[in-house]
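Asker: sequence first, predicted model second:
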Amino acid sequence: LNGNDIDTAQLLKACKAHLKLMKSGGASLRLVAKDLESNLLKAEKPFKKAPKKGKTLYSLLESERHSGIHKEGNELENES
């Protein structure tokens with residue numbers, strides 16, 4: 001990884017820890033935790049399917065874009 005890359009596995013691990021903390025926050029954070037959990041599961045699925053392809057956050061997003069699941073016009077910026 002170079003200085004601008006984000007390691008996907010480490011990011012997912014940090015998000016899981018953050019989710020655990022949010023879930024312990026009670027009813028006031030329940031909706032936010034549920035949304036985070038949903039997004040986390042969506043990100044984990046393609047990563048687990050092909051971890052080498054999604055080693056960095058950028059490569060994970062690129063593979064998602066190339067999969068065709070987004071409508072035309074949704075482009076990833078290099079710095080996203």
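Answerer: Everything's here; your move.
Asker: gap between stretch 15-28 and the chain center?
Answerer: 17 Å (Cα atoms, centre = their mean, to the nearest Å).
Asker: what does stretch 33-46 give?
Answerer: 7 Å.
Asker: quick one: mean pLDDT for that stretch?
Answerer: For stretch 33-46, mean pLDDT is 92.
Asker: got it, and stretch 51-60?
Answerer: The pLDDT scores in stretch 51-60 average 91.
Asker: list the contacts for the most centrally placed residue in the chain?
Answerer: The centroid of the chain falls nearest to residue 43 when counting by Cα atoms, centre = their mean (4.0 Å). Residues in contact with residue 43, defined by Cβ atoms under 8 Å, 6 or more residues apart in numbering, are 8, 12, 15, 60. Glycine gets a C-beta too; all of them are placed from N, C-alpha and C.
Asker: host element of it?
Answerer: helix 27-49 (DSSP states H and E).
Asker: which of the residues in that helix are classified as buried?
Answerer: Residues of helix 27-49 classed as buried by neighbour count (16 or more other Cβ atoms under 10 Å): 33, 36, 40, 43, 46, 47.
Asker: and for the second one, nearest residue in space, chain neighbours not counted?
Answerer: Which is residue 36. Spatial nearest neighbour of residue 36, excluding adjacent residues (Cβ to Cβ, 6 or more residues apart in numbering): residue 19 at 5.4 Å.
Asker: contact partners for the one you found?
Answerer: By Cβ under 8 Å, 6+ apart, the residues touching residue 19 are 33, 36, 37, 40.
Asker: could these go into JSON lines alongside distance to residue 4?
Answerer: JSON lines is the format used below for the contacts of residue 19 (distance: Cβ to Cβ, whole Å):
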{"residue": "33", "distance to residue 4": "30"}
{"residue": "36", "distance to residue 4": "24"}
{"residue": "37", "distance to residue 4": "28"}
{"residue": "40", "distance to residue 4": "23"}
